[in-house]
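>>> I need the structure of the sequence given here:
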Amino acid sequence: MDYISDLHIHSRFSRACSKYLTIESLEKWARIKGVNLLGCGDFTHPEWIKEIKSNLTDNGKGIFLTKTNFPFILSSEISLIYTQDNKGRRVHLVLLAPSLDVVDKITSFLLTLGRIDYDGRPIFKLSCRDMTKKLKEISEEIEIIPAHIWTPWFSLFGSKSGFNTVDEAFGDQSHQIYALETGLSSDPEMNWTISGLDKYQLVSFSDSHSYWPWRLGREATILDLEELSYQNIIKALRTGKGIKMTIEVDPSYGKYHIDGHRNCGIELEPSESIKINNICPVCKKPLTIGVLQRVESLADLEVGRKKENFIPFLRLLPLHELISLIYKWPLNSKKTWAIYDSLIEKFDNEYNILLNINDFQGLIDEDLINAIISNRKGEIKVKPGYDGVYGIPILGDVEIKPNVIKEKKQKDLTDFS
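I've put the predicted structure just below:
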C-alpha cells in the first residue's frame with residue numbers, strides 16, 4: 001500500500017508556528033491534503049508529549065493511532081549550534097523514534113545538555129557527530145535525518161554555517177546517516193550533481209509550521225509498504241527499498257533558491273552574484289547565498305544526470321496556489337476556498353485532484369483544469385525565491401505576489417517556514 005508521508009512537521013510549541021496546531025487539526029488537514037502518514041513532531045517538548053500520550057495509541061508496531069485510526073510516528077527536530085574547525089555551525093536534525101520508552105530516554109539525555117521546555121525545536125551545543133553517537137547509544141532504531149540540508153542558515157550544507165560533506169559533519173558516525181531531506185529549495189535532480197550524495201536516500205517532507213494545505217504535505221515521500229510499521233519505514237529510509245517516489249515543489253518556489261537581499265529588493269542568479277563577489281550592490285553587505293549557488297559550488301557531475309537506481313520524483317505546486325494563479329485571488333479568500341472545498345467534497349483529497357483526476361465534471365473552468373494538468377507535468381514556471389521570500393508561480397504574464405493574510409480564529413495562517 002502507498003503511504004504519502006510527511007514526517008517533518010511541528011506542533012504549536014515550536015517557535016513561529018500556528019497556535020492552533022493540535023493532533024486533531026493535523027489529522028483533519030492531513031486527510032484533506034491526502035497525506036496518510038504523519039510524524040507527530042516536537043516529541044521533546046514536555047507539553048506536546050503529554051498530548052501525544054493522551055491522544056495516540058501505540059499499535060505495537062511503532063505506529064501511533066488516533067481514535068479514528070489515523071497513523072503517526074514519533075518524530076522531532078533538534079537544532080545544534082556549535083563551533084567546529086574555527087567556524088560556527090548550525091545544523092537541524094530530524095529524529096524518528098520507535099517507542100515512547102525511547103522518546104523518554106532521548107528526553108532524559110537532552111535534559112543533561114539544557115532546557116527543552118522553551119521551544120519544540122530545542123537548541124544544544126553539541127556536534128552532529130557527538131549527538132549521533134549519544135542517540136545511537138540509546139537505541140540503534142533511532143533514525144537521524146539531516147533536515148533541509150541546503151537552507152543557508154540552519155542545515156548540513158548551508159552557505160552560512162554548513163559543511164561540504166556528510167563525513168565532515170558526522171565523522172566516525174557518518175555510517176549512521178542513511179537519508180537526507182532535500183528541502184523546498186532543492187530537488188533530487190539538483191542533488192544528483194554531487195557524487196558524494198549518491199549513497200544516501202533523498203527524502204522530502206514539508207517542515208510545516210501550520211496545518212494549511214499549502215504548507216502541510218507540500219513536500220512528501222511516498223512509501224510503498226506491505227505493512228505499516230516503524231521497522232518497515234526505517235528499512236525504506238535506510239535502503240531505498242519501499243520508497244516509491246518523492247513529491248517536490250519546484251525548487252524555485254523555496255524561500256532560498258537563488259541569492260539576494262530581501263531588505264534591499266535584490267535577487268540574483270549565482271552567475272550574477274559571483275561577478276560582484278557575493279556583495280549586495282545596494283547596502284554593500286554580503287548577500288544571502290541561496291541553495292542553487294551552494295549546490296553548484298559542490299557539484300562534480302553534469303546537470304541532468306540521473307544516479308543509478310534513482311528514486312523518481314514529481315514537482316507539484318499546492319492546489320491553492322493554482323486557484324490563486326488562475327483567478328488572481330489571495331490564497332485564503334472566500335472565493336479560493338469555495339472552489340477548493342467543492343473539489344475536495346467531490347474528489348476526497350487534494351493529492352487525488354493533483355495526481356489522478358482528469359474529468360472535473362463541470363466543477364471548474366477550462367483554465368483551472370489546464371493549470372492542474374500543467375502542474376502535474378511540471379510545466380508551471382516559478383519566479384525564484386530568495387533570502388526568505390517564497391517563489392512566485394507564473395502562468396504566461398500572470399504572477400501571484402505573496403499576500404499578507406490576517407489570522408482568523410477559525411483558520412490560523414501563521415507560517416514562517
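>>> how about the strands of the stretch 251-400 of the chain, start to end?
259-261, 266-268, 313-315, 381-383, 392-395, 398-399 (DSSP state E, counting those that start in this stretch).
>>> least reliable of those strands going by mean pLDDT?
Lowest mean pLDDT within the strands of the stretch 251-400 of the chain: strand 398-399, at a mean of 53.
>>> hey, where'd the helices end up in this structure?
Assigned by DSSP state H, the helices in the chain fall at 23-33, 46-55, 100-111, 128-138, 166-170, 188-191, 230-239, 270-275, 291-298, 319-327, 334-347, 350-355, 366-376.
>>> sorry, back to before: turn the strands of the stretch 251-400 of the chain into a markdown table, including distance to K105.
All C-beta spots, glycine's among them, are computed from the backbone N, C-alpha and C. Output for these, formatted as a markdown table (distance: least, C-beta to C-beta, whole Å):
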| stretch | distance to K105 |
| --- | --- |
| strand 259-261 | 42 |
| strand 266-268 | 46 |
| strand 313-315 | 35 |
| strand 381-383 | 43 |
| strand 392-395 | 45 |
| strand 398-399 | 50 |
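>>> so which of those is the most packed in?
strand 259-261 (a mean of 25; mean count of other C-beta atoms under 10 Å).
>>> out of the strands of the stretch 251-400 of the chain, flag the one nearest S252.
strand 381-383 (4.0 Å; C-beta to C-beta).
>>> between the helices of the chain, which one is closest to G120.
helix 46-55 (6.2 Å).
>>> buried sites along the closest one?
In terms of neighbour count (16 or more other C-beta atoms under 10 Å), helix 46-55 has its buried residues at W48, I49, E51, I52, N55.
>>> residues in contact with the second one?
Under the criterion of C-beta atoms under 8 Å, 6 or more residues apart in numbering, the contact partners of I49 comprise F43, V103, T107.
>>> and the residue lying closest to L80 once chain neighbours are set aside, how far from K61?
Nearest non-adjacent residue to L80, counting by C-beta to C-beta, 6 or more residues apart in numbering: V91, 4.9 Å away. V91 is 31 Å from K61, where distance means C-beta to C-beta, to the nearest Å.
>>> try D224
For D224 relative to K61 (C-beta to C-beta), the value is 17 Å.
>>> same check on L216?
In terms of C-beta to C-beta, L216 sits 24 Å off from K61.
>>> P152: neighbouring residues, count only.
Residues near P152, counting by other C-beta atoms under 10 Å, number 25.
>>> and if you look at the one 10 residues further on?
Counted with other C-beta under 10 Å, the burial measure for G162 works out to 24 neighbours.
>>> same question for L354.
Residues near L354, counting by other C-beta under 10 Å: 21.
>>> can I get the contacts of I49 in a markdown table including pLDDT and distance to I247?
As requested, these are exported to a markdown table (pLDDT from 0 to 100; distance: C-beta to C-beta, whole Å):
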| residue | pLDDT | distance to I247 |
| --- | --- | --- |
| F43 | 98 | 24 |
| V103 | 98 | 28 |
| T107 | 98 | 32 |
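>>> most neighbours out of those, which is it?
Going by other C-beta under 10 Å, F43 tops those with 26 neighbours.
>>> was I right to think it contacts S75?
Yes - assessed by C-beta atoms under 8 Å, F43 is found in contact with S75 at 6.7 Å.
>>> joint contacts of the two?
L95, A97.
>>> and the nearest residue to S139 once chain neighbours are set aside, how many neighbours does it have?
Excluding its sequence neighbours, the residue lying closest to S139 (C-beta to C-beta, 6+ apart) is V102, at 4.9 Å. A count of nearby residues for V102, using other C-beta under 10 Å, gives 20.
>>> do you know how far V102 is from F64?
V102 is 13 Å from F64, by C-beta to C-beta.
>>> between these two, what contacts are shared?
Looking at what touches both V102 and F64 (by C-beta under 8 Å, 6+ apart), the common residues are L74.
>>> buried stuff in the longest strand along the chain?
The residue-count maximum for a strand in the chain (DSSP state E) belongs to strand 71-84. Buried residues in strand 71-84, counted by 16+ other C-beta under 10 Å: P71, F72, I73, L74, S75, S76, E77, I78, L80, Y82, Q84.
>>> could you do stretch 163-175 as well?
Result for stretch 163-175 [16+ other C-beta under 10 Å]: buried residues F163, V166, E168, A169, F170, Q173.
>>> dump it to PDB, restricted to CA.
The C-alpha coordinates for stretch 163-175 follow below in PDB (Å, rounded to 0.1, in the frame of the first residue of the first chain):
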ATOM      1  CA  PHE A 163      29.900  21.600   5.800                       C
ATOM      2  CA  ASN A 164      31.000  20.300   2.400                       C
ATOM      3  CA  THR A 165      30.400  16.600   3.100                       C
ATOM      4  CA  VAL A 166      28.500  14.400   5.400                       C
ATOM      5  CA  ASP A 167      31.800  13.000   6.700                       C
ATOM      6  CA  GLU A 168      33.000  16.500   7.800                       C
ATOM      7  CA  ALA A 169      29.900  16.900  10.000                       C
ATOM      8  CA  PHE A 170      29.400  13.400  11.400                       C
ATOM      9  CA  GLY A 171      33.000  12.000  11.400                       C
ATOM     10  CA  ASP A 172      33.100   8.400  12.500                       C
ATOM     11  CA  GLN A 173      29.300   8.400  12.900                       C
ATOM     12  CA  SER A 174      28.700   9.100   9.200                       C
ATOM     13  CA  HIS A 175      27.700   5.400   8.700                       C
END
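>>> which residues touch it?
Here stretch 163-175 has contacts from 89, 91, 127-129, 132-133, 136, 146, 156-157, 176-177, 180, 196-197, 200, 298, using C-beta under 8 Å, 6+ apart.
>>> pull out the buried residues from those.
Taking 16+ other C-beta under 10 Å as the criterion, what is buried in these is 89, 91, 127-129, 132-133, 146, 156-157, 176-177, 180, 197, 200, 298.
>>> quick check: the farthest pair among those residues?
It's K133 and L298 that sit farthest apart of those, by C-beta to C-beta, at 25.7 Å.
>>> and the closest residue to S273 other than its chain neighbours, what does it touch?
Taking C-beta to C-beta, 6+ apart, and ignoring the residues beside it in sequence, S273 has D259 as its nearest neighbour in space, at 4.2 Å. Contacts for D259 (C-beta under 8 Å, 6+ apart) come out as 267-270, 272-273, 278, 287-290, 292-293, 386-387.
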